Every structure is written in structure tokens, then in C-alpha cells.
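1. Just a sequence and a predicted model for now, questions to come.
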Amino acid sequence: MNRLTKSLIWRLVFIIILVLLALLIILPWGNKLIKKDFPISLGLDLQGGAHLVYQLDLSKVAKEDQISAVDSTLEVVRNRIDKFGVSEPTIQAEQIAGERAVLVELPGIKDLEQAKQLIGSTAQLEFWEQGNTDDKTVVNEYLPGFIPTKLTGKQLKKAQPTVNQQTQAWEVALEFNSEGAKLFADITKRNLGKPVAIVLDNQPVSVPTVQTEITGGSAVITGQFDAAEAKRLAIQLNAGALPVPVKLIEERTVEATLGAEAIHKSLIAGLVGLLIVAIFMLINYHGLGLWAILALAIYTILNIAIYKIFKITLSLSGIAGLILSIGIAVDANILIFSRTKEELAQGSNILQSINDGFKHAWLSIRDSNFSSLITALILFFFGAGQIKGFAITLIIGIVISMFSAIFVTRTFLLFFTSKKKYEKTI
């Protein structure tokens with residue numbers, strides 16, 4: 001057994017293992033075997049979700065700063081939703097009756113109250129202490145005799161939900177940056193034996209009595225939290241406060257606009273497309289087409305497995321990106337086979353023809369795929385919602401198609417085809 005054959009065997013083993021792992025992720029029996037489920041995430045158009053519109057109060061923002069305030073609000077809302085784990089949300093600025101607003105669509109979220117609490121709360125964290133309240137501008141009806149300190153959510157480094165090991169109650173642990181740690185140490189030092197209030201959106205959530213000076217830069221918010229409330233509060237604090245007040249002006253639960261029928265039709269379209277491509281490859285490339293079809297099947301399996309592993313949200317536009325990428329995958333095989341046939345026609349032996357065919361086709365494959373990849377990346381970074389979903393599936397498809405054509409198809413051709421059989425199929 002020569003070195004080339006050994007290399008091809010290892011490459012073939014790698015492909016088989018990769019396909020088996022992908023099938024374990026895709027097929028129900030595979031999920032049972034590995035005892036883990038990998039559901040496919042569907043977009044708002046296929047599974048429904050929450051639709052919310054928030055009006056922004058820019059009355060106290062200078063005109064030249066309003067665009068920046070809108071952008072900052074979008075970023076805070078996006079951060080909160082990303083940390084909550086919603087796939088492929090739509091978050092964009094709108095003009096409604098001459099007023100600035102933010103449109104939010106959340107696929108799969110059926111609980112409107114949960115979505116509203118996550119997005120709409122300003123989450124302004126403050127620490128108040130007892131002091132001189134002669135200053136009439138300092139007012140908090142829930143904390144008479146208290147004044148705000150300089151320690152706020154701006155000095156917060158991280159917040160995370162935790163469980164108190166003694167009481168088993170949910171809490172939110174706070175960790176401050178260096179500036180916040182120094183301020184908190186000063187506050188606890190001068191308030192030994194006195195209460196310090198932790199205030200969220202002008203509402204006290206905890207008023208503990210300071211027992212000792214705390215220099216570690218950490219604190220805990222206690223309250224009547226359950227797991228979901230503690231997680232939501234941590235997300236809001238980590239994402240930061242909304243820069244301007246917001247008012248919910250529209251809310252509704254969106255039913256799937258396309259749903260099961262669209263998924264069924266998309267699958268039919270994909271299968272018909274694959275069948276037509278397979279017939280075309282067989283007619284034009286005979287035996288070569290068989291290996292292209294097998295490589296294309298592996299390509300499809302790997303695509304679906306990646307969607308499940310990384311929880312890629314599939315909207316109808318995303319399915320379109322997948323089907324489009326099938327054509328890209330076939331295009332690479334056509335270039336390779338055409339060049340291989342040309343080499344054989346010139347009298348080269350089979351091994352040399354295959355290697356030269358791949359070598360000469362590579363530059364065209366590389367350039368066409370990279371130009372498509374650049375376009376898809378532009379759509380991903382500058383698009384939103386379903387445009388971004390289309391770009392994601394297209395990017396994944398392009399990358400896997402290059403792997404399928406250059407690695408999988410080449411391995412099959414070199415390993416399984418003998419000279420006599422190969423010449424007959426050509």
C-alpha cells in the first residue's frame with residue numbers, strides 16, 4: 001500500500017466519521033443515542049413570536065444628539081435580547097406619526113409580559129445612603145432621609161444570578177470595576193451599622209445594614225426573586241440602562257405567517273432542485289456525476305447539522321440561502337469535471353487528469369466563491385432580520401461547498417475509480 005493510498009484511506013475515514021456524527025445530530029434516533037436534542041430554530045415568519053413597538057422620549061435630548069440617542073437605545077435593546085438568547089430578532093428604528101420609535105420582533109417568544117419586562121425597563125442602578133436631605137432636588141418617596149451616592153450602574157463590571165447557599169434564595173451578584181470598588185469601599189466604611197439602599201429605577205430593591213467595610217468590589221442584590229427574575233435583572237444590568245425613556249405603544253403576539261405549509265413547500269422545492277441537479281450531472285458527466293451527487297448529499301447533511309449545533313434560525317429567506325448555496329456547490333463540481341475531461345481527452349492518465357483538473361479549476365472556484373462570500377458578509381454585517389438570516393445560511397453553504405468539492409469529491413474520485421471503469425464512464 002503506497003503513501004497516496006494510505007492518505008486517501010484516512011481522508012475517507014474522516015469523511016465517514018464526519019457524516020455519521022452529522023446524522024447523529026440530525027436524525028431523531030441519533031438524538032436518543034447521544035441523549036441530547038438539537039431542535040431547528042425557526043424564524044418569526046415560520047413559528048410566530050412577539051411584536052413590540054416602543055416610542056422614544058427625546059424631549060430632553062438636544063436635536064444634534066437625537067440620532068446618537070436612538071442608536072444607543074438600539075444597542076442596549078440588542079444587548080439585552082442577545083443575552084436572553086433570542087435567535088434572529090428584528091430590532092430597528094422607525095418613524096411613527098413623526099415620532100422616533102424602536103420596532104422589536106422576537107421569534108418564539110409567546111410571553112409578551114416577559115418580553116416587555118426585559119426590554120422596557122430602564123435598569124438604572126444606584127446606591128443611596130442616609131444623609132442631609134436639605135437639598136430639595138433630592139427626592140425619593142420610598143427612601144425618606146436618603147441621598148444618592150456617586151456609585152451607580154456606570155461602575156458595574158458584571159452582574160450574574162446566583163443562589164444563596166444558606167437560604168437557597170435567588171440573588172444577583174454585582175462586581176464593580178476599580179473605580180466602583182473604591183467608591184463601594186468608601187460607602188461601606190462611612191456607613192458601618194447603617195443601612196445602604198440598592199435602588200433600581202428609583203425603587204429600592206434591598207436596604208441592607210452594613211456590618212463591615214467591603215473592599216472586594218462586590219455586592220449582592222437580594223429580594224423575592226425567582227430564577228427568571230434574577231436572570232432578567234442581571235441581563236438588564238449587564239446591558240446598561242436605556243439612554244432615554246421608552247413607552248410601549250404597540251404590542252401583539254404574531255402568529256406564523258407562513259408556518260408548516262411554507263416549510264413543506266420549501267422542502268419540496270429543495271428536493272426537486274436536488275433531483276434536477278442530480279439528473280443534469282448524470283446526463284452530462286455520467287459516472288462522474290454519481291460522485292458529485294454523493295458529495296452533494298454529504299454537503300446537505302453537514303449544512304443541516306451545523307444549523308442544529310449552532311442554533312441557526314431558519315426563516316424562509318434562510319431556506320432560500322440554503323437552496324441557493326446548493327447551486328454554488330454544484331458549480332464547483334462542474335468546473336472540476338470539465339477540466340478533468342479535458343485532461344483525459346489530451347491523453348493524460350486518470351490520476352494525473354484528476355489532479356490537474358482540480359488544480360486548474362481551483363482558481364476559478366476560489367475566486368467565484370470568495371466573491372460570493374464577500375457579498376454575503378456585507379449582507380450579514382449591514383443587513384437586519386431576514387436579510388441577515390439569508391446571509392448566514394449562504395455563508396455556511398459557501399464554506400461547506402468548497403470543502404465538499406475540493407476535499408470530498410476529490411477523495412471519492414481518487415479512491416474509488418479505476419482506469420477501465422473511469423474511461424467507460426467518461
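-> Received the coordinates, thanks. Numbers count the residues shown, from 1 in each chain.

2. now residue 336: how far from residue 278?
-> Separation of residue 336 from residue 278 (C-beta to C-beta, to the nearest Å): 17 Å. From N, CA and C alone the C-beta is placed, and that goes for glycine too.

3. That should have said residue 21, apologies.
-> In this view, residue 21 and residue 278 are 25 Å apart by C-beta to C-beta.

4. ditto for residue 296
-> Per C-beta to C-beta, residue 296 is found 7 Å from residue 278.

5. Counting neighbours around each, name which of the two comes out higher.
-> residue 296 (24 against 17; other C-beta atoms under 10 Å).

6. can you give me the strands in the stretch 1-150 of the chain?
-> In the stretch 1-150 of the chain, strands defined by DSSP state E, counting those that start in this stretch lie at 41-42, 49-56, 90-96, 99-107, 125-130, 146-152, listed in chain order.

7. of the ones you listed, which approaches residue 247 most closely?
-> Closest approach to residue 247 among the strands of the stretch 1-150 of the chain (C-beta to C-beta): strand 49-56, 4.7 Å.

8. Quick one: work out the angle between the closest one and strand 99-107.
-> Angle, strand 49-56 to strand 99-107, by axes from the mean of the first three to the mean of the last three C-alpha atoms, to 10 degrees: 160 degrees.

9. contacts for strand 49-56?
-> The set of residues external to strand 49-56 that reach it, using C-beta atoms under 8 Å, 6 or more residues apart in numbering, is 69-70, 73, 94, 96, 99-112, 115-116, 119-120, 244-254.

10. Buried ones only from the residues you listed, please, as a ChimeraX command.
-> Buried subset of these, written as a ChimeraX selection, criterion 16 or more other C-beta atoms under 10 Å:
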select :69,70,73,100,101,102,103,104,105,106,107,108,109,112,115,116,119,120,244,246,254
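
11. who's in contact with the nearest residue to residue 233 once chain neighbours are set aside?
-> Distances taken as C-beta to C-beta, 6 or more residues apart in numbering place residue 172 nearest to residue 233, at 5.2 Å, with adjacent residues excluded. Residue 172 makes contacts with 159, 160, 161, 162, 220, 221, 225, 230, 233, 234, 237, as judged by C-beta under 8 Å, 6+ apart.

12. pLDDT wise, what is residue 172 at?
-> Per-residue pLDDT puts residue 172 at 88.

13. and it, what are its bridge partners?
-> Here residue 172 sits in beta bridges with residue 161, residue 221, going by DSSP bridges.

14. what's the spacing between it and residue 148?
-> 20 Å.

15. Helix or strand next in line after whatever helix or strand residue 332 lives in, which one?
-> Here residue 332, judged by DSSP states H and E, is contained in helix 316-345. Later in the chain than helix 316-345, the nearest helix or strand by DSSP H and E is helix 350-382.

16. Going by contacts, tell me the helices and strands next to that following helix.
-> Counting by 3 or more C-beta pairs under 8 Å, 6 or more residues apart in numbering; DSSP states H and E, the packing neighbours recorded for helix 350-382 are helix 316-345, helix 386-403, helix 410-416, helix 419-425.

17. Go again with 7 Å.
-> Packing partners of helix 350-382 (3 or more C-beta pairs under 7 Å, 6 or more residues apart in numbering; DSSP states H and E): helix 316-345, helix 386-403, helix 410-416.

18. in that helix, what counts as buried?
-> Neighbour count says helix 350-382 has 350, 353-358, 360-362, 365, 369, 372-373, 376, 379-380 buried, by 16+ other C-beta under 10 Å.

19. again with stretch 300-313
-> Neighbour counts over stretch 300-313 (16+ other C-beta under 10 Å) mark 300, 301, 302, 303, 304, 305, 306, 307, 308, 312, 313 as buried.

20. Likewise for stretch 323-340?
-> Within stretch 323-340, the residues scored as buried using 16+ other C-beta under 10 Å are 323-326, 328-340.

21. how distant is that stretch from the center of its chain?
-> 29 Å (C-alpha atoms, centre = their mean, to the nearest Å).

22. same thing with stretch 70-82?
-> With C-alpha atoms, centre = their mean, you get 15 Å for stretch 70-82.

23. Stretch 222-230 now?
-> A distance of 27 Å separates the centroid of the chain from that of stretch 222-230, by C-alpha atoms, centre = their mean.

24. ok, and what's touching it?
-> With contact meaning C-beta atoms under 7 Å, 6 or more residues apart in numbering, stretch 222-230 is reached by 161, 169, 170, 171, 172, 205, 206.

25. Output that stretch as CSV, nothing but the C-alphas.
-> The C-alpha coordinates for stretch 222-230 follow below in CSV (Å, rounded to 0.1, in the frame of the first residue of the first chain):
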residue,chain,number,x,y,z
THR,A,222,-31.5,40.3,47.4
GLY,A,223,-35.2,40.2,47.1
GLN,A,224,-38.1,38.0,46.3
PHE,A,225,-36.6,36.7,43.1
ASP,A,226,-37.3,33.5,41.2
ALA,A,227,-34.7,32.2,38.7
ALA,A,228,-36.3,34.0,35.7
GLU,A,229,-36.5,37.4,37.5
ALA,A,230,-32.9,37.1,38.7
